[in-house]
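Peer 1: here's my sequence, what's the structure:
(2 chains)
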Amino acid sequence: MKRLLFLIMPGILLLSCVKSLDDYNIDQKKPTTAPAATLFTGAIKNMADVLASSNVNTNVFRLYVQQWTTTEYLDEPRYNLTARTIPQALWQALYRDVLMDLKEAKRLIEADPLLDADEKSNQLAQIEIVEVYAWSVLVNSFGNIPYSEALNVDNALPKYDDAAAVYADLVVRLDAALSNLKPASDGFGEADLLYNYGSVTTEVAGWVKFGNSLKLKLGMILADSDVNTASRMVQEAAPNVFTSNADNTRFPYLSAIPNNNPISNSLNPSLTGRQDFVGAEAFINKLNDVNDPRRPFFFTTVNGTYIGGKYGFANTYVNFSTASPKVVAQDFESLLLDYSEVEFLLAEAVERGFTVAGTAAEHYNNGVTASILYWGGTAANANAYLAQPAVEYSNPASGSSWREKIGTQKWIALYNRGYDAWTEWRRLDFPQLSPPSAAEGAPAGLVIPTRLIYPVNEQTLNTVNNQAAADAMGGDAVSSKLFWDIN
Amino acid sequence: MKHYYLKKMILFLILCAFKTINAQERSISGTVRDQKDGLPLPGVSVTVRGTNIGTQTGANGGFTIRTTEPNPVLHFSYIGYTGQQISVGNRTVLSVALVPDATQLGEVVVTALGVNRQKNELPYAAQQVGGAEVTRTRGGNFVNALSGKVAGLNIKQTNSLGGSTNVIIRGYKSINGNNQALFVIDGVPVSNANTNTTVSPTGVRGQQEGGAGYDYGNAAADINPDDIESINVLKGAAATALYGSRAANGAIIVTTKKGHRNSLNVTVNSGVTFGNIDKTTFAEYQNEYGAGYSQNTVDGTGNVVPVPGFWYRDVLGGGQRELVSQFTADASYGPKFDPSLLVYQWDALDPTSPTYLTKTPWVAAINGPESFYRTSVTSNQNVTISGGGETTTFKAGYTRNDQTGVLPNSKITKDLFNFSGSYEMVKNLTASASANFSKINGLGRYGTGYDGKNPNQQFRQWWQTNVDIEQQKDAYFRNEQNITWNWQDLTGTKPIYSDNPYWTRYKNFQNDTRNRYFGNAALNWKVNDWFDIVGRVGIDGSDEIQEERIAVGSTDVAEYARFNRSFSETNFDLLLNFNKNINEDISFRGLLGANLRRSNLNSIRATTNGGLVVPELYSLSNTISPIEPPVEQYQRVGVDGHFANATFGYKEILFLDGSIRRDQSTTLPKGNDVFWYPSIAGSLLFSNLVKETAPWLSLGKIRLNYAEVGNDAPPLSVLDVYEKPTGFGSVPIFSIPNTKSNSNLKPERTKSLEAGIETAFFSSKFGFDFTWYKTNTVDQITDVTVSSASGYTRRFLNAGEVQNKGIELTAFVNPVGTSNSAFSWNMNINFARNRSEVISLYEGAGGNIQLTSFQGGVSINAAIGQPYGVIRGTGYNYHENGQPIVNAQGYYTASSSNTIIGDPNPEWTGGVANTFRYKDLSLNFLIDVSKGGDVFSLDQWYGQGTGLYPNTVGLNDLGNPKRNSIANGGGIIQPGVKADGTPNDIRVPVENGNTTAYGYPMNPPRQAYVYDASYVKLRELALNYSFPDDLVSKIRAFKGIDVSLIGRNLWIIHKNLPYSDPEEALSSGNFMGYQSGAYPAVRTIGFNVRFRL
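Peer 2: Below is the predicted model:
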């Protein structure tokens, strides 16, 4: 029976190793709780990143408005949206990395019984404003999108909502958020990178202006399709919008990855050896024509001159102006909404006969001046610039219509803000841009996209709803026009 | 805890080793051969009847045994042969001929959990491979040596030095889970994990998906081939059912060599092999046109160029414009070569070059990228000492393996130690243990995928045919600087896209070390003649570090990355074996047991940020910007299993087998964590029924079985957590993860039905084994892609079913040769065909789950009604007349990118192994066949688009150079029809890299770059000479000497994939059918000498 001892040994060993396994499936390296504010911060950063990026996998809008073009690789300036999953990148960033985190932040805030009521109201409103911003980018890019049934993982097949209906709801939500902001109280505090970071400490007061400026912008986007809503929104918002560059909604960047401006990943020589982009002919020629004082802040020179590459064709990097050191700096801030843009919108409002203070020329001049000052020019630069016939608002040489005058200057002022420049170009139809021509060797039939096609994933995963949405818009084509893109 | 066991084991092993060996009295020696073909039989067990004395024959069948018995009777036994007893009498030298056992009833094979079973009783398919067969060609990785040898075992090896091997038995069953076979050594499962990365939380493509990285191989390569006695491949669920929740993928059961009592044997192997790339698997270049994307007459500056396609620039600064090659263009659509034309090329910008600021003739390179590859050398040295005393056995071995690769600055060294022993402490109570330690050091493994650290990215995709690799080599070695052919601009200070490939190899190298230990300790008590108990503890662990570098001065930002990983798994087994005949006719074998498994994975990955401050100092603290928090991983798994098995036999004719296992796993949510896995099987040995009437039927058996096994959830997929990305300065950031966990997961389940027939005829002159099977894997644990409008991109779910159906056939024939003939010939053939089909998927998957997407716009998918892993991308649009449609410009139009354009699964695989013997000389060769299967080549997609390959030049149907402009009669007409169905007659240009009809530029259907991956390979060739016994016995020190000449991958007899090896892949895993920067196959040839002392 002594032998039994030997046999019992492994048994004892077995038993001695059996301890509670309850925590085996709990991740020891990841949190199960998170402060709501941290999700808000992350969502804003993700949104700023995707809009600022110049990576051809993510954001190709600087190309579409011909501010930039590429050197060797021509898929993107020739509007290929499938060689890389560009629509997916934008879609995924906004739904998954922005809106989902915001939704979770909202859930956590609402569930927090100890939070001061006014603070809670502010935080929820701040989230709401960012959500409206993000949704508007999705609608303005794709048209019909999953909205009412989105952001619910248990609904794998969310239906798509009509773009105009989504817009209408965004308007309601934005109004509600604005009425819930309480400038006397705190909002997200240090988690608020937009209005409580660095030199900008306006906090909730800043958000009031941001929300109203966003309302102005969204209202104006509806101006061609729904003038009544547009005029109401513009008129309500106008008294409370940005009044100087100090009010700009800017996202600060830091000088170290991953908090650097994403442009620097693609262009800054200390982060990449690649030389994929140069300024495009159409844009730089225009700047040269009007002696634009922003040129040195926008671009480098070649032998003292500003020269743009041929859009959609191969260009030798060293022969053309490229993005300036200011633009490619790792800590160059990005703009989500700015004062100059607001002034241009107000100029347009006057032209459309909406009831806002001031004349169109005043707002136009303010917009141009704000942009020049923002980029580093002086007031004297701005005055001289505005005095030129090709810029002067009242001079026919600056454009045959207010659309052309404002469209052209807005195109310049929205340099480096590809998505916004693209949206304004679609809306105002100026400046007139041409796709790379077949006569010169580009593929025939290229058109500048007026919307993004749906991500391939959506076509595959949510086929029926996606197809219905596409059919409702006349097909999932880059040439389809969105509901507000009437002209 | 593991260290505690390790210590105990080592102590025990030392005790075993010091038992002395009894060596006295008379000595009997001899040779054992096969009675039929006369081949010497190595490994035959020789024992002196009535004693514990025993030995084993060596490679040439020789043995020597000492005994004190006055009238010794020697007993010879060997798997597959009838045992034989010989009364020695006065003889001191014996010649023994063993008769192959037709019914092979005596053959014992090792099955699940290390249980020995008689092969003929087995009611399921299992195929045995001898140790000699996996060491024959002396490869470093025994898994590769299984290729072509086992029906239904699909081995796919990568061409990276020390790269991973894909091991799939009977098809891919799990959509997202692990599909690799389970490896078991001496009853204890060991890891075959690979650490190659998949998509990271930040969305960066991992190594397995064609992103930057290295193929670090898989852990089965740590097993010493020289230590392997035999391998048994358990293919179906019924065979592996006792492994329960990890049994779904089949198992490879390895039995190691053991020492024998009262003997002492020393074996020394010494070999060296040399490898060179198989040039049919590497790029071939056109030699008519050089650098550039176009032959435009106006260069990018707007200057009119006297010779189209060059730049016209001022190089010397004197205001004089000269012709300059377009060194920023990583393509070869530039000017036509013309030796009389002198131009400034990349070397003219290198101040240390003899041709600095000098024009050189515009000609194709004399030394193309193939000369970048060099001869690899592998040296393999092994010593094994084995033996035993009256109550002990031991074995100690050491193997040293040094390999250099075909790329410069690459090597892997392996030190493999093993020790095993057993001790019969008291009668019928035996303790045994084995310990293995492997140290693997890698330096300069090959960079893989679409990344600058893979030189094939430039060689196969983005290259200039005028660049001479020898000049690049000289340029690098002059100063060890990154002197590229691909300067950013005329001042020649930095590369734009491609580094000098020598710089990449010598400066941007990686290194790694893996320390692996595995082993077990067991107590075996034979309680009585029908009952024994085994208690066993097995551990398997490894600690590894991987360090990767990008030097300051490379195109990519300088970086140092390190990955530390430690893994361990401990298995405790208690097995009760019963073996008792119920009556004369009915036999019974039973097994009751328990298994506790605990595993623990701990890793950390950290990378510098924004560059390195001090060049060539590779430490995390040398980062320019603060480093991001390292990625930590801590995963534990605990599974408790209880199982029972019973086999009843009736008159050695009918066998019935049933088993059941209950598993409780921690990776599943509470309440869903207990599962039962049953199996039932039967076999009928009908040859025993017709023994009298059909004596020509040496063996006839039919088998039928059904089993259910599982695959539990990946760890940490049940509960939701937050991600914690790097904060914004001091402002913290959290985020919802991309994948939604699921607290209702249950294990996925494979249901398998299998039937087979096994026969041998005319005293086993020939025979075959045929198996049919069908497996359905249901309740798939899928990490499905969901519409990102849901807020997540992936989600864990139990849904979906994959079916694999197939047949396997193995056959042997011994057409020539009898017992005493000088010449004999044996042939073994195997064939397998598997058809997989995705039967159903989660409803929200849209009928498709994308497993991964690859660069170039193709993806790997599980799609309903399709085989697992189909390739999607844009396809041709076909007219109703079956022809592809071209557009108004004459280019192919492309369908939706969801079109299925390929299936990576082979239609069938097979192998033919032949052994010819003439006296002491034997020749083995193995032909390995894989028919069908598709692969998308990113190398062709880009490489044709950049004009590297020969098909982009030459003459068109008009007899004019294709590269002429259309106006000059150039261009090609692509076969197809216009939209109206009329034949295409539109000429498309080939002159310009932006509009060429070849490759990516005009976004043609991806389908055009999907190739058939069939191959027929002469996989192994070995010529072996065993010195005759009488000669060897004169050299007193030796018992045997064998010399062999060996070759691997000598000849690709047939393939359809141009310029590449159809078998090459990025990594083992679930993503097949894609090549990017593929490495060429390596032919190795060498020799090995084996001495037995």
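
Peer 1: alpha carbons only for contacts and neighbour counts from here, please
Peer 2: OK.

Peer 1: which SS class is the residue lying closest to A:Asp101 once chain neighbours are set aside?
Peer 2: Spatial nearest neighbour of A:Asp101, chain neighbours left out: A:Leu39 (5.5 Å); criterion: Cα to Cα, 6 or more residues apart in numbering or on different chains. The local conformation at A:Leu39, judged by DSSP: H, G, I helix; E, B strand; the rest coil, is helix.

Peer 1: look at A:Leu39 and say how many residues are nearby.
Peer 2: Here the number of neighbours of A:Leu39 (other Cα atoms under 10 Å in any protein chain shown) works out to 30.

Peer 1: and A:Ser148, by the same measure?
Peer 2: 13.

Peer 1: the helix ranked longest in chain A: what's the following helix or strand?
Peer 2: If you go by DSSP state H, chain A has its longest helix at helix A:117-142. Going down the chain from helix A:117-142, the next helix or strand is strand A:145-146, by DSSP states H and E.

Peer 1: in the stretch 301-450 of chain A, which spans are helices?
Peer 2: Using DSSP state H, counting those that start in this stretch, the helices of the stretch 301-450 of chain A run over A:325-328, A:339-351, A:360-375, A:379-386, A:402-413, A:418-428.

Peer 1: re the thing from before, surely the residue nearest to A:Asp101 touches B:Ile733?
Peer 2: Yes. A:Leu39 lies in contact with B:Ile733 (Cα atoms under 8 Å); the separation is 6.0 Å.

Peer 1: residues contacting B:Ser270?
Peer 2: By Cα atoms under 8 Å, 6 or more residues apart in numbering or on different chains, the residues touching B:Ser270 are B:Ser379, B:Asn380, B:Gln381, B:Asn382, B:Asn1088, B:Val1089, B:Arg1090.

Peer 1: er, A:Phe298 actually
Peer 2: Taking Cα under 8 Å, 6+ apart as the contact definition, A:Phe298 lies against A:Ala323, A:Ser324, A:Lys326, A:Val327, A:Tyr415.

Peer 1: make it 10 Å
Peer 2: A:Phe298 makes contact with A:279, A:284, A:287, A:321-328, A:375, A:412, A:415-416 under the criterion Cα atoms under 10 Å, 6 or more residues apart in numbering or on different chains.

Peer 1: also B:Asp532?
Peer 2: Contact analysis of B:Asp532 by Cα under 10 Å, 6+ apart lists B:Asn428, B:Leu429, B:Asn524, B:Trp525, B:Lys526, B:Leu575, B:Leu576, B:Asn577, B:Phe578, B:Asn579, B:Leu591.

Peer 1: apply 8 Å and report the result again.
Peer 2: Applying Cα under 8 Å, 6+ apart to B:Asp532 gives the contacts B:Asn524, B:Trp525, B:Lys526, B:Leu576, B:Asn577, B:Phe578.

Peer 1: try B:Glu121
Peer 2: Counted by Cα under 8 Å, 6+ apart, B:Glu121 has contacts B:Phe655, B:Ser683.

Peer 1: which pLDDT value belongs to it?
Peer 2: On pLDDT, B:Glu121 comes in at 77.

Peer 1: could you do B:Gly638 as well?
Peer 2: Among the per-residue scores, B:Gly638 shows a pLDDT of 94.

Peer 1: with B:Lys1034 instead?
Peer 2: 75.

Peer 1: ok, it - how many residues close by?
Peer 2: Around B:Lys1034 there are 10 residues (other Cα under 10 Å).

Peer 1: how much space separates it from chain A?
Peer 2: Distance from B:Lys1034 to chain A, counting by Cα to the nearest Cα, to the nearest Å: 49 Å.

Peer 1: quick check: phi and psi at that residue.
Peer 2: Taking degrees, to the nearest 10, you get phi -70, psi -30 for the backbone angles of B:Lys1034.

Peer 1: show residues contacting stretch B:177-193.
Peer 2: Under Cα under 8 Å, 6+ apart, the answer for stretch B:177-193 is B:112-115, B:166-169, B:172-173, B:218-220, B:246-247, B:249-256, B:518, B:520, B:538-540, B:569, B:571, B:711, B:714, B:781-782, B:1069-1070.

Peer 1: let's see that with 7 Å instead.
Peer 2: Defining contact as Cα atoms under 7 Å, 6 or more residues apart in numbering or on different chains, one finds that stretch B:177-193 is touched by B:113-114, B:167-169, B:172-173, B:218-220, B:249-256, B:538, B:540.

Peer 1: before we move on, back to that, for the longest helix of chain A, packing partners?
Peer 2: Under the contact definition 3 or more Cα pairs under 7 Å, 6 or more residues apart in numbering or on different chains; DSSP states H and E, helix A:117-142 sits against helix A:100-110, helix A:163-180.

Peer 1: which of the residues in the first one are buried?
Peer 2: What that stands for is helix A:100-110. Residues of helix A:100-110 classed as buried by neighbour count (16 or more other Cα atoms under 10 Å in any protein chain shown): A:Met100, A:Asp101, A:Leu102, A:Lys103, A:Glu104, A:Ala105, A:Lys106, A:Leu108, A:Ile109.

Peer 1: likewise the last one?
Peer 2: Across helix A:163-180, burial judged by 16+ other Cα under 10 Å covers A:Ala163, A:Ala164, A:Val166, A:Tyr167, A:Leu170, A:Val171, A:Arg173, A:Leu174, A:Asp175, A:Ala177, A:Leu178, A:Asn180.

Peer 1: can you tell me the residue of the stretch 351-500 of chain B closest to chain A?
Peer 2: For the stretch 351-500 of chain B, the residue closest to chain A is B:Ile496, as judged by Cα to the nearest Cα, at 5.4 Å.

Peer 1: out of the helices of the stretch 301-450 of chain A, which comes closest to chain B?
Peer 2: The closest approach between chain B and any of these, judged by Cα to the nearest Cα, belongs to helix A:325-328 at 14.5 Å.

Peer 1: so who does the most centrally placed residue in chain B touch?
Peer 2: Taking Cα atoms, centre = their mean, the centroid of chain B lies closest to B:Thr165, which sits 0.9 Å from it. Going by Cα under 7 Å, 6+ apart, B:Thr165 touches B:Asn144, B:Ile155, B:Lys156, B:Gln157, B:Thr158, B:Asn218, B:Ser1068.

Peer 1: and if you look at B:Gly259?
Peer 2: By Cα under 7 Å, 6+ apart, the residues touching B:Gly259 are B:Ser386, B:Gly387, B:Gly388, B:Thr393, B:Phe394, B:Lys395.

Peer 1: what bridges to B:Asn418?
Peer 2: Beta-bridge pairing for B:Asn418 (DSSP bridges): B:Gly397, B:Asn436.

Peer 1: that one against B:Ala433, yeah?
Peer 2: No. In this structure, B:Asn418 is not within contact of B:Ala433 by Cα atoms under 7 Å, at 10.8 Å.

Peer 1: pretty sure B:Ile1046 contacts B:Phe1087?
Peer 2: Yes. Between B:Ile1046 and B:Phe1087 there is a contact under Cα under 7 Å: 5.6 Å.

Peer 1: tally of neighbours for B:Asn479?
Peer 2: Using other Cα under 10 Å, B:Asn479 is surrounded by 10 other residues.

Peer 1: quick one, grab the pLDDT at it.
Peer 2: B:Asn479 is assigned 92 on the pLDDT scale.

Peer 1: about what we covered before: show the buried residues in the contacts of B:Asp532.
Peer 2: Applying 16+ other Cα under 10 Å to the contacts of B:Asp532 flags B:Asn524, B:Trp525, B:Lys526, B:Leu576, B:Asn577, B:Phe578 as buried.

Peer 1: residues contacting the fourth one?
Peer 2: Applying Cα under 7 Å, 6+ apart to B:Leu576 gives the contacts B:Asp532, B:Ile533, B:Val534, B:Leu591, B:Leu592, B:Gly593.

Peer 1: stretch B:706-721 and chain A in contact?
Peer 2: Yes. Under the criterion of Cα under 7 Å from any Cα of the partner chain, chain A is reached by stretch B:706-721 at B:Pro715, B:Leu716, B:Asp720, B:Val721.

Peer 1: could you identify the most distant pair in the residues you listed?
Peer 2: Between any two of the residues of stretch B:706-721 next to chain A, the greatest separation by Cα to Cα is 13.3 Å, found for B:Pro715 and B:Val721.
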